[in-house]
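[1] Based on what follows, work out the 3D shape:
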Amino acid sequence: MYDLQTADRLFKEMMAEDPRFAEKLIMDFRRTMPEEYSKTIYCKRFGKHIIDMEQYKIGLSFIKGQNGQKPQIWSIEEAEKILSSYIKDYESEDFYKYDAFLWLNVRRNDYPRINDANEIAYIVYEDLHDEDLPSDPSERVFCWVEEHINKEKKEFE
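    Numbering: from 1, shown residues only. Predicted coordinates for the structure are as follows:
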């Protein structure tokens with residue numbers, strides 16, 4: 001019923017009729033779909049990353065411990081110290097520090113038999129740089145959180 005090619009054609013026609021149409025469309029998008037609007041703006045500005053403490057805490061809430069136990073979580077300070085042997089400067093990386101901190105805690109609970117924090121840090125560093133997988137390695141953490149959020153939404157529908 002609604003196809004992208006026709007929508008693109010209609011968009012161009014409406015832009016020709018009203019040069020402010022795109023601005024009005026964005027404001028409609030913002031008003032009628034605030035969650036999608038916010039996500040789109042954030043992703044355009046920052047890429048698909050965990051950029052702040054609020055998003056980090058949402059991500060932490062999806063971590064599961066082994067055998068139904070409470071997950072083991074390192075604090076921000078602990079995570080930063082543990083990762084410091086592999087990541088010296090987050091500015092030079094394609095991911096944000098909260099991506100790395102969250103993924104460190106995810107992997108800690110994925111591999112509970114590994115008791116060496118340095119070994120888990122190595123796994124995290126490799127995960128965030130592994131080009132062999134089909135997605136952008138720096139965006140994997142965001143996609144993991146997004147997948148859990150979408151799954152949770154479906155359960156409530």
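
[2] Okay, helices next: where are they in this structure?
    Shown for the chain, the helices assigned by DSSP state H span residues 4-17, 21-32, 34-46, 53-60, 76-83, 97-110, 117-127, 140-156.

[3] Where among these is average confidence lowest?
    Averaging pLDDT over each of these singles out helix 34-46 as the lowest, with a mean of 81.

[4] Can you mark which positions in that one are buried?
    Neighbour-count burial for helix 34-46 flags 37, 42 (criterion: 16 or more other C-beta atoms under 10 Å). No exception for glycine: its C-beta is placed from N, CA and C like everyone else's.

[5] Likewise for stretch 86-93?
    If you call a residue buried by 16+ other C-beta under 10 Å, then stretch 86-93 has these buried ones: 87, 93.

[6] how about the residue nearest to the spatial centre of the chain, what does it touch?
    Most central residue of the chain, judged by C-alpha distance to the mean C-alpha position with C-alpha atoms, centre = their mean, is F142 at 1.5 Å. By C-beta atoms under 8 Å, 6 or more residues apart in numbering, the contact list for F142 reads 47-50, 99.

[7] what's the answer for I51, then?
    42, 96, 98.

[8] so who does the first one touch?
    The neighbourhood of Y42, defined by C-beta under 8 Å, 6+ apart, consists of I51.

[9] Pull up the gap between it and Y90, please.
    Y42 is 18 Å from Y90, where distance means C-beta to C-beta, to the nearest Å.

[10] separation between N118 and K151?
    In this structure, N118 and K151 are 32 Å apart, going by C-beta to C-beta.

[11] Next: E91.
    Distance check for E91 against K151: by C-beta to C-beta, it reads 33 Å.

[12] Tell me the buried residues in stretch 148-157?
    H148.

[13] what does that stretch contact?
    With C-beta under 8 Å, 6+ apart as the contact definition, stretch 148-157 has outside contacts at 58, 62.

[14] from the chain's centre, how far out does that stretch sit?
    What separates the centre of stretch 148-157 from the centre of its chain is 16 Å, taken as C-alpha atoms, centre = their mean, to the nearest Å.

[15] got it, and stretch 104-115?
    Averaging C-alpha positions (C-alpha atoms, centre = their mean) puts stretch 104-115 19 Å from its chain's average.

[16] which residues are contacting it?
    With contact meaning C-beta under 8 Å, 6+ apart, stretch 104-115 is reached by 59-60, 63-66, 71-74, 79, 82-83, 117, 120-121, 123-124, 127, 141, 144.
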